[in-house]
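[1] quick one, fold the following:
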Amino acid sequence: MAVATTSSGTTTRARRSGPVRAHKLLQLNWFGGLAGWIWLAIVLIPLYWIVVTSFKDQSAYFSQNPFALPSAPTTNNYKLVIESDFPRYFLNSVIVTVGTIIPAVAISFMAAYAIIRGAGSRFLAGVNGLFLMGLAIPLQATIIPVYLLIIRMHLYDSLLALILPSVAFAIPLSVLVLANFIRDVPKELFESMRVDGATEWGMMRKLALPLTRPALVTVSIYNGLGVWNGFILPLILTQSPDKRTLPLALWSFQGQYSVNVPAVLASVVLTTLPIVILYAVSRRQLLGGLTAGFSR
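    Numbers count the residues shown, from 1 in each chain. Below is the predicted model of the structure:
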């Protein structure tokens, strides 16, 4: 009898577990998983083709399978691109990026601190509203006014002509992210420092700055990526070849090496390599900082 009872209980559990497993399988998002794999292939296949082709010579590019590994890998394409003033373009991009990030983050931090600490001021509330309106204005809609201002300031065809508009367009989002971080700093800490005789500048430098360092790194990386990949401002506001940044130089490489496809792809790899390295090193800081900033 005991054996029969145990057997029947096991059979009952097996019958119950069957529908449970089937229900769990039905709950799996098969369509989402399939779409994810398809999107991964769409992203990786062109990247693989770009990297592989950049190590082929022209004859191998036309004779071999486009996705086949090069039978005789060569770095001549990279040498050709580097010899075509590529270091100058790289330096221009570094100057514009660093020259944008430092003032943009500094101004945004001070503005965010003033907006949060002076929450009752109508003037600061209006300034915050202007910053929020700046998020709704795309760069393409203001390119003609920016061009006319740069001409009147006699800054056309200079790196400063790229830095000033980039700073202006980097400030609104930076203020929003930094303000969300500063808002979560306990007011008691500010009050205790004020009792100790600290000024607003001292509280900003000794309290707000260390506590918002993750946000500062986040907005620096985010703005740096945008400026490094910027194309429309260098295209409109510069003319001389020695003032080109990497995205604009890549466009010129397409015209210069229109037949030499491997050389064009080598320039693509060299242009995107610093961004890929930066994102691989700091992607957690970037995504984590943005998520924390908007969720606070």
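[2] would you map out the domains in the chain?
    For the chain, automatic domain parsing gives the domain ranges 19-74, 79-295.
[3] ranking those domains by burial, who's on top?
    The densest packing among the domains of the chain, expressed as mean neighbour count by mean count of other Cβ atoms under 10 Å, is seen in domain 79-295 with a mean of 17. Just so you know, the C-beta spots here come from the backbone N, C-alpha and C atoms, and that holds for glycine as well.
[4] mind putting the domains of the chain in a markdown table, mean pLDDT included?
    Formatted as a markdown table, the domains of the chain follow (pLDDT from 0 to 100):
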| stretch | mean pLDDT |
| --- | --- |
| domain 19-74 | 81 |
| domain 79-295 | 86 |
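[5] what are the phi and psi angles of Thr272?
    Here the main-chain torsion angles of Thr272 (degrees, to the nearest 10) amount to phi -90, psi -10.
[6] who are the contact partners of Tyr48?
    Phe67 (Cβ atoms under 8 Å, 6 or more residues apart in numbering).
[7] and the next helix or strand past the one helix or strand Phe131 maps to?
    Under the criterion DSSP states H and E, the helix or strand holding Phe131 is helix 122-135. Proceeding C-terminally, helix 122-135 gives way to helix 143-152 as the next helix or strand, assigned by DSSP H and E.
[8] hmm, who's touching that following helix?
    Around helix 143-152, the neighbours that count as contacts under Cβ under 8 Å, 6+ apart are Tyr156, Ala161, Leu164, Pro165, Ile232, Leu233, Ile236, Leu237.
[9] remind me what whichever strand or helix holds Val177 packs against, helices and strands.
    Assigned by DSSP H and E, Val177 belongs to helix 159-183. Counting contacts by 3 or more Cβ pairs under 8 Å, 6 or more residues apart in numbering; DSSP states H and E, helix 159-183 is packed against helix 86-117, helix 122-135, helix 143-152, helix 213-228, helix 232-237, helix 261-295.
[10] mind running it again at 6 Å?
    Here helix 159-183 touches helix 86-117, helix 122-135, helix 213-228, helix 232-237, helix 261-295, going by 3 or more Cβ pairs under 6 Å, 6 or more residues apart in numbering; DSSP states H and E.
[11] dump the ones you listed to TSV, plus distance to Gly202.
    Formatted as TSV, the entries for these read as follows, by distance: least, Cβ to Cβ, whole Å:
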stretch	distance to Gly202
helix 86-117	12
helix 122-135	20
helix 213-228	17
helix 232-237	37
helix 261-295	24
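[12] assign a three-state SS to Phe67, would you?
    Following DSSP: H, G, I helix; E, B strand; the rest coil, we place Phe67 in the coil state.
[13] apart from its chain neighbours, what residue comes closest to it?
    Nearest residue to Phe67, sequence neighbours excluded (Cβ to Cβ, 6 or more residues apart in numbering): Trp49, at 6.2 Å.
[14] where does that neighbour land in three-state SS?
    Three-state secondary structure (criterion: three-state DSSP) places Trp49 in helix.
[15] tell me how far it lies from Val98.
    Remark: distance between Trp49 and Val98 (Cβ to Cβ, to the nearest Å) = 33 Å.
[16] can you tell me the element Leu44 falls in?
    Taking DSSP H and E as the criterion, the element that holds Leu44 is helix 30-54.
[17] contacts for the next helix or strand after that helix?
    Later in the chain than helix 30-54, the nearest helix or strand by DSSP H and E is helix 58-63. Around helix 58-63, the neighbours that count as contacts under Cβ atoms under 6 Å, 6 or more residues apart in numbering are Pro70, Asn260, Val261, Pro262.
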